[in-house]
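Colleague: Got a predicted structure here, sequence first:
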Amino acid sequence: MKKSRSALPSTAFKYILRVSGRHQIGLVVLSIIVFLLSTVPLEIQRRLVNDAFVRGQVQTIVWLALAYFGVALLEGGIKVALNVYRAWVSETAVLDLRRLVGALTPTPAQADAAESQGTEISIVLSEVEPIGGFAGISVSEPVLQTGVLLSVFGYLVYLQPMVALLCALAFSPQLVFVPLMQRAINLRSATRIEVLRGVGGSIVGADPQAPLAADAHDVEIRQVFALNMGIFKIKFTMYFLMNLMHHLGVATALGVGGYYVVQGRIDIGTVVAFVSGLAKVNDPWGDLVDWFREMTLVRTRYELLRDAVQVMEHKPEQELVDTPLEGAPGLTPGSSLEKSLSST
C-alpha cells in the first residue's frame, strides 16, 4: 500500500480550513460586498416610484433606472465571480480527498486478493463528492445570507419601524417550526446513510448462495424508500409553511403600508420597497435552511470517511488486503454520531 499522508482532521470544518483557509477569506470578502449592495436596489426602487407617481421628473427617473441597472449588473457580476470561486474551492477539496483515498487503494498486483476491499473503498470514494462540494459554501454562504437578512431588515426598519416590526412578527413563526422540522429531516437523513452503508457492506461480504440475501436487501431498500419519502413530506411541508409566512409578511406590508399611505405617514415608494425587501429576505432564509441541512449531512459523511481512512492508514498492508474494511461504522443507536445529530 502506498504511504498515506497525515490522517484527516477530526471535523469537516477543520479539514476545509486546512485545504482552503486563505480562499475562505476571499470568499467572505466577496460575500460581504454582495450583501452590502443588496439594499441599494431597494432604495432606487423607492425613489423611482416616488419620482414617477408623485413628482413626475422624467430626467430623474431615467437616471435612477440606469443606476438600478448598473447596480444589478455589478451585483450580478460579483455573484458570478463568487460562485465560480466557490466551485473552484469545492473541486479542489474533492480532488484532495480523492487523492487521499486513492493513495490507500491496493496496488494492481494485489487487485484480485483485495477485490472486496477495493469495492468498499469505492463506496467510501463516492462519498467524497458531497463532502468536498460543501467546502466552497461552508463559510461564505452563512456570511452572505445572514448579511443580506440583516442589511435588508435594517433598511426596512430605517424606512418605517412599525411596518418592519409587524412584518418581522409575521415572519417569526419560522424560527419555531423550521428548526423542529429540520431536526426531523436530519435524523432521517442520518438513518438513511446508515442503512445505505449497511447495504453496501452486506453486498460486498454476501455469500451469493445464501437464499435470504435478496430478501434482506429488499427490506433495506424499502427502508431507504420509506426514509426518503418521509424526508420529502417534511421538507415540502416546511417549504410550504415558509412560503406562507412570506406571503403573510407581504400582506402585512401591503395592508399596513397602504393604510399609512392613505394617512400620509409614508409614501407609496416605501410600500414598494417593503414588498421587494421581503422578497429579498425570503430567499436568503431558505438558503440558510438548505445550508444547515447540507452541513449536518456533510458532518456525518465526513466522520464516516474519517474513521474509514484512519483504519486504512493504520492497518498492516497484508491485513488490509485480506480483510474487509471495518472502520466505517454506521450510526448505531447511542453512537457518538447519532447523539451529535440528535442534539442539532
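Modeller: Thanks, I have the structure now. Because the structure is a prediction, the values reported are computed rather than measured.
Colleague: For the rest of this, base every contact and every neighbour count on C-alpha atoms.
Modeller: Fine.
Colleague: Quick check: longest helix in this structure by residues?
Modeller: helix 213-263 (DSSP state H).
Colleague: got any ranges where the stretch 1-150 of the chain has weak pLDDT?
Modeller: 1-7, 53-56, 104-126 (pLDDT under 70).
Colleague: how does it look with 90?
Modeller: Applying pLDDT under 90 to the stretch 1-150 of the chain flags the ranges 1-11, 38-39, 41-65, 68, 94-133.
Colleague: for the stretch 201-344 of the chain, same thing?
Modeller: In the stretch 201-344 of the chain (pLDDT under 90), the answer is 201-228, 235, 239, 242-243, 246-247, 249-250, 253-254, 257-290, 292-344.
Colleague: quick one on the thing from earlier: and the longest helix of the chain, what other elements does it pack with?
Modeller: The elements that helix 213-263 packs onto, with contact taken as 3 or more Cα pairs under 8 Å, 6 or more residues apart in numbering; DSSP states H and E, are helix 161-171, helix 174-205, helix 268-314.
Colleague: at 6 Å what do you get?
Modeller: helix 161-171 (3 or more Cα pairs under 6 Å, 6 or more residues apart in numbering; DSSP states H and E).
Colleague: could you give the mean pLDDT of the helix it packs on?
Modeller: Mean per-residue pLDDT for helix 161-171: 88.
Colleague: so how far is that helix from its chain's centroid?
Modeller: Mean-position distance between helix 161-171 and its chain equals 27 Å (Cα atoms, centre = their mean, to the nearest Å).
Colleague: Sort out which residues of that helix are buried, please.
Modeller: V163, A164, C167, A168, A170, F171 (16 or more other Cα atoms under 10 Å).
Colleague: do stretch 249-267 as well
Modeller: G249, V250, T252, A253, L254, V256, G257, G258, Y260, V261, I266, D267.
Colleague: Just the residues contacting that stretch, thanks.
Modeller: Stretch 249-267 is contacted from outside by C167, A170, V271, V275, using Cα atoms under 6 Å, 6 or more residues apart in numbering.
Colleague: quick one, phi/psi of P9?
Modeller: Main-chain torsions, P9, degrees, to the nearest 10: phi -60, psi 170.
Colleague: Which residues are in contact with it?
Modeller: Y15.
Colleague: Grab the most central residue of the chain for me.
Modeller: W291 (2.3 Å; Cα atoms, centre = their mean).
Colleague: measure it to Q182 for me?
Modeller: Per Cα to Cα, to the nearest Å, W291 is found 11 Å from Q182.
Colleague: what's the answer for T11, then?
Modeller: 21 Å.
Colleague: quick one, which of the two is more surrounded?
Modeller: Q182 (20 against 13; other Cα atoms under 10 Å).
Colleague: what about that one, distance to S138?
Modeller: 18 Å.
Colleague: what's R265 sitting at in phi/psi?
Modeller: phi -80, psi -30.
Colleague: how far away is it from M162?
Modeller: 11 Å.
Colleague: go on, E127?
Modeller: For E127, the distance to M162 - Cα to Cα - is 49 Å.
Colleague: now the buried residues of helix 161-171 as TSV including distance to L305?
Modeller: Listed next are the buried residues of helix 161-171 as TSV, based on distance: Cα to Cα, whole Å:
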residue	distance to L305
V163	49
A164	46
C167	44
A168	41
A170	42
F171	39
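Colleague: List just the nearest of those residues to F134.
Modeller: Checking those against F134 by Cα to Cα gives F171 as the nearest, at 28.2 Å.
Colleague: which ones are touching that closest one?
Modeller: M245.
Colleague: Repeat the analysis, applying 8 Å as the threshold.
Modeller: Going by Cα atoms under 8 Å, 6 or more residues apart in numbering, F171 touches M245, H246, L248, G249.
Colleague: Most neighbours among the residues you listed, which one is it?
Modeller: G249 leads these on contacts (other Cα under 10 Å) with 26 neighbours.
Colleague: Distance-wise, check A251 relative to V58.
Modeller: Relative to V58, and taking Cα to Cα, A251 is found at 31 Å.
Colleague: And for E220, the neighbour number?
Modeller: The number of residues near E220, taken as other Cα under 10 Å, comes to 16.
Colleague: Hmm, S31 is touching T146, no?
Modeller: No: contact status for S31 versus T146: not in contact, 10.1 Å apart, counting by Cα atoms under 8 Å.
Colleague: The two: which is more packed in?
Modeller: Legend: neighbour count by other Cα under 10 Å for S31 and T146, higher for S31 (23 against 18).
Colleague: Would you mind pointing out the helix or strand the more buried one falls in?
Modeller: helix 12-37 (DSSP states H and E).
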